[in-house]
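1. fold the following for me, if possible:
(2 chains, ligands or ions: 2)
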Amino acid sequence: MANKNESSQQPRDESRRQFLKYSGTAIGGVVVGGVIGGLIGANANTDKKDEAAQPDTGKPAKPADRDYNQALMFFNQDQFMTAEAASERIYPKDDSGPGAKELGVAFFIDHQMASAYGMNAREYMSPPFYKSEATQGYQLSFKRRELVALGLDSLNVYSMDKYQKGFPDLAPEEQDKVLGDFEQDAVNIKGVPASTFFAYFLNLTIEGVYADPLYGGNKNMDGWRMRNYPGNQMSFTEQIDKDDFVKMEPLSLSDHLEIG
Amino acid sequence: MATKLPKVPIVIVGMGWVGGIIASELTKAGHSVVGLERGKSRSTQDYFHVHDELRYASRYELMQDLSKETVTFRNTSKLRALPMRSYGSFLLGDGLGGAGVHWNGQYYRFLPYDFEIRSKTIERYGAKKIPEGMAIRDWGIKYDELEPYFVKYEQMAGIGGEPTTQANVGAMSKAFPVGPMKKTPAMKLFEDSAKKLGYHPYVIPSANLTEVYKNPDGIERAPCQYCGYCERFGCEYGAKADPVVTVLPVAQKSGKLDLRTHANVTEVLHDGKKATGVRYVNTPTGEEYIQPADIVILSGYLFSNVRLLLLSKLGKPYDPNTDTGAVGRNYAYQVNGASTNVVFEDREFNMAMGAGALGSSLDDFNGDNFDHSDLKFLHGANIRFTQTGLRPIQYQPAPMGTPKWGAEFKKQTLHYANRTLTVAAQGSSMPWRHHYLDLDPEYKDALGLPLIRLTFDFEDQDRELVKYIAGKTKEIADGMGGTKTEIHDSIKQYNIVPYQSTHNTGGAIMGSDPKTSVVNNYLQMWDAENVFVCGASAFAHNSGFNPTATVGALAYRTAEGIAKYLAKPGSLV
Ligand SMILES: Cc1cc2nc3c(=O)[nH]c(=O)nc-3n(C[C@H](O)[C@H](O)[C@H](O)COP(=O)(O)OP(=O)(O)OC[C@H]3O[C@@H](n4cnc5c(N)ncnc54)[C@H](O)[C@@H]3O)c2cc1C
Ligand code: SF4
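-> Ligands and ions are numbered 1, 2, ... in the order given. This next block holds a predicted model:
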């Protein structure tokens, strides 16, 4: 995918040195040493990465085959399996690269449900709750994590009812049909706001594909690579006015921290 | 029991751009100022890990915590307003620097026409051109009077722009202090097409600094790195002009600013004629304080400004039924929605790269720069192509009709991610009698005080504007050499769910008539001469531009007015 030769366009010219000088000293009386320290390091590290497959950061090598972050914080096993299967249908593996499953999206969603976001912590959740116009947005006391868990359970209930199998065991076309029915509110399960659940789940899947790998999805930044997204580079000053498309090996927040 | 503190000369409520500018100007002149900010302190140090789309753009890390306070909304006064429970249409600032920390930095002076919109409309088209219920009025100030204050903001922030401006916008007495942003290939395509059509495009003036710059206060800042994490993010380089790296350090260095964060102001205290101070809660302890002051400045953004006036029973509340009173009237917004996408099958653009204020635009269809005789709307829009850094969670371009998920969705959105350019319009928003702010009768904030209630909808004026302007965006997009274009030319009801713009205006408008305006052209309150209500709350309508240039200029003028008032109290006009 990303062309290694094109990838390390690290600015090295006069204006950049000047920039570093100015930001390193004081910006409006505010010294930004921590940030700039990371910045200089990040560039050095990228260069190294380009030269050798193993970044020589002076730290012991990590067991590359094991990701201790891949464990559950909120879902039960059925919910997790269902989330994995459903997200894969929303963002399937194809010629261009991995799908949601390989990208760790179900772990991402699980972790999000255990976070402030899953609990609507920074949202106005005070009563009273009234029926709303569509233009007024979500108006229920039911929280995001509750809705997602209920929705995943319901995917299974509906699949059992329709195909006598759990959602993860259905054929892909059947899974698509079930998801489509939820999207269109064409399921008749009492007390489940199917399309609201589907909209949240769709959104969470996209987030899991493209959020920084820090959150458990977008594994190895492959979500970014598929659309030639360079992740979080520190600077595009040298590339911004180039006529040709510049492919870059993406960087993540973790790259930024290692050296900071 | 509230603790009463010793009296101070000046207290400012809200430390964003407006509070910061006024604090800086007054402390430089030797006045002591107390600055109250309900949120936390901030510095560039906080942005070490800021390139995180999920945290900052999708989860609104820097914005007001809605669990503590929000607004309620309804489309018409016949409906029950309900709280904005999660973010959507607009994003409210919180903490030191306010929304100035996470703005884009697109910088536009309003047009001379804006300040005299009513008289100029009548002069050119006759009084009948203004439809029943549309509440446009002159602002009580002319462009030429405000011009020197725009210059002050530009010099302070280091605005970068072309050396000369187009003839169809207000004249500048002094050129921008630094040159324009770099021009990307896509900006060139936009400008070339627009020029061929006889229009007058220019690189958007930018508060993302374009070169190392030392401002008149001695503040030196580094240039923008086009990092693509700008709108909704803080700038780790201090390259984006924000109050924390420009005006606030100046005020702090003077030794005259007593800055108190976590100080949530709940009331302006007054004796019926003048303010005597403010009441605030120190949020970490819940302790209440009374801060007596000679002058009270409200600069907490319009929702907070108007809410505090109403909670404090200061000024006459607006009554839409009788069209009397002033506090809450003329709420306006921004009419977006006119746009055309142009796709390129054989070419990719570096859409991930960009800066908040990077782009080109034109004003041939803004203000009254074109003939409205046969059109069913007034004013217009700034038409633009921007390259702000398109991040993958929030940006999923695909041709119309593409499914929202599944194999085809993946294929199309990956293919078009870097192949889609958008020519869009930022439309003006006219005020109407039935669009206003008041206190919600039912919903309360975390302290038990009523929330502000917003009653607003799009009108035929807006739908006509979008339709006409969209045609112009298509004309330009068609000439950009792409494979195909797709126009978006209709808007329906105003919906608070999708993000549109944080350019809310009005509610405490300026004017020359104390009956229908809250403040005079120094933003001094008619009903309490020692209260200044500042920010976009003073706008009598919203132009086809981002607001902060005009917000900033008015703040500089207010600072000057306050200095005059300190020397000689009384009405400044
Ligand atoms: C994503 C985004 C992009 C934008 N891009 C642009 C752009 O490109 N160009 C442009 O011109 N404009 C832009 N804007 C708008 C711009 O940010 C605002 O116009 C500007 O920041 C307003 O400044 P202000 O000082 O009036 O208010 P704010 O920045 O909102 O500051 C108000 C401050 O007051 C505090 N406060 C409020 N109430 C109280 C209280 N009761 N007690 C104590 N403190 C209180 C708040 O916490 C806040 O810190 C953008 C806004 C957003 C959100
Ligand atoms: S685009 Fe420029 S101004 Fe904006 S955050 Fe990045 S470096 Fe700062």
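2. hey, let's count contacts and neighbours off CA atoms from now on
-> Fine.
3. do you know how far B:Asp319 is from B:Tyr436?
-> 9 Å (C-alpha to C-alpha, to the nearest Å).
4. comparing the two, which residue is more hemmed in?
-> More crowded of B:Asp319 and B:Tyr436, by other C-alpha atoms under 10 Å in any protein chain shown: B:Tyr436, with 24 against 17.
5. the more buried one touches B:Ile452, doesn't it?
-> No. With contact defined as C-alpha atoms under 8 Å, B:Tyr436 does not reach B:Ile452; the gap is 10.3 Å.
6. overlap of the contact sets of these two?
-> Shared contacts of B:Tyr436 and B:Ile452 (C-alpha atoms under 8 Å, 6 or more residues apart in numbering or on different chains): none.
7. show residues contacting stretch B:38-57.
-> A:30-35, A:38, A:207, A:211-212, A:232, A:253, A:256, B:14, B:61-62, B:94-97, B:229, B:232-238, B:244-245, B:261-265, B:283, B:391, B:393.
8. ok, and of those, which contact ligand 1?
-> Among the contacts of stretch B:38-57, proximity to ligand 1 is found for B:14, B:94-97, B:232, B:263-265 (C-alpha under 6 Å from any ligand atom).
9. just the buried members of those?
-> B:14, B:94-97, B:232, B:263-265 (16 or more other C-alpha atoms under 10 Å in any protein chain shown).
10. of the residues you listed, closest to ligand 2?
-> B:Arg232 (9.1 Å; C-alpha to the nearest ligand atom).
11. I'd guessed that closest one sits against B:Arg59; true?
-> No. With contacts defined as C-alpha under 8 Å, B:Arg232 does not count as touching B:Arg59, sitting 10.1 Å away.
12. state the distance from B:Ser58 to ligand 2.
-> To ligand 2, B:Ser58 is 17 Å away according to C-alpha to the nearest ligand atom, to the nearest Å.
13. so where's the chain uncertain?
-> Picked chain A for this. A:1-64, A:258-260 (pLDDT under 70).
14. my bad, chain B
-> In chain B, no residues with pLDDT under 70.
15. mind listing what's buried in the strand of greatest length in it?
-> Longest strand in chain B by number of residues (criterion: DSSP state E): strand B:287-298. Going by neighbour count (16+ other C-alpha under 10 Å), the buried part of strand B:287-298 is B:288-298.
16. picking up where we left off before, and the buried ones among the ones next to ligand 1 among the contacts of stretch B:38-57, which is closest to B:Ala538?
-> Closest to B:Ala538 out of these is B:Gly14 (15.6 Å), distances taken as C-alpha to C-alpha.
17. what segments of chain B are helices?
-> B:17-28, B:112-115, B:117-125, B:143-157, B:185-196, B:247-253, B:301-311, B:407-416, B:460-478, B:548-567 (DSSP state H).
18. skipping adjacent residues, who's closest to the residue in chain B sticking out farthest from the centre in space?
-> For chain B, the largest distance from the centre (C-alpha atoms, centre = their mean) belongs to B:Ala407, which lies 39.7 Å off. In space, and not counting its chain neighbours, B:Ala407 is closest to A:Pro92: 5.9 Å by C-alpha to C-alpha, 6 or more residues apart in numbering or on different chains.
19. residue contacts, the one you found?
-> A:98-100, B:406-407, B:410.
20. most neighbours among those, which one?
-> A:Ala100 (28 neighbours).
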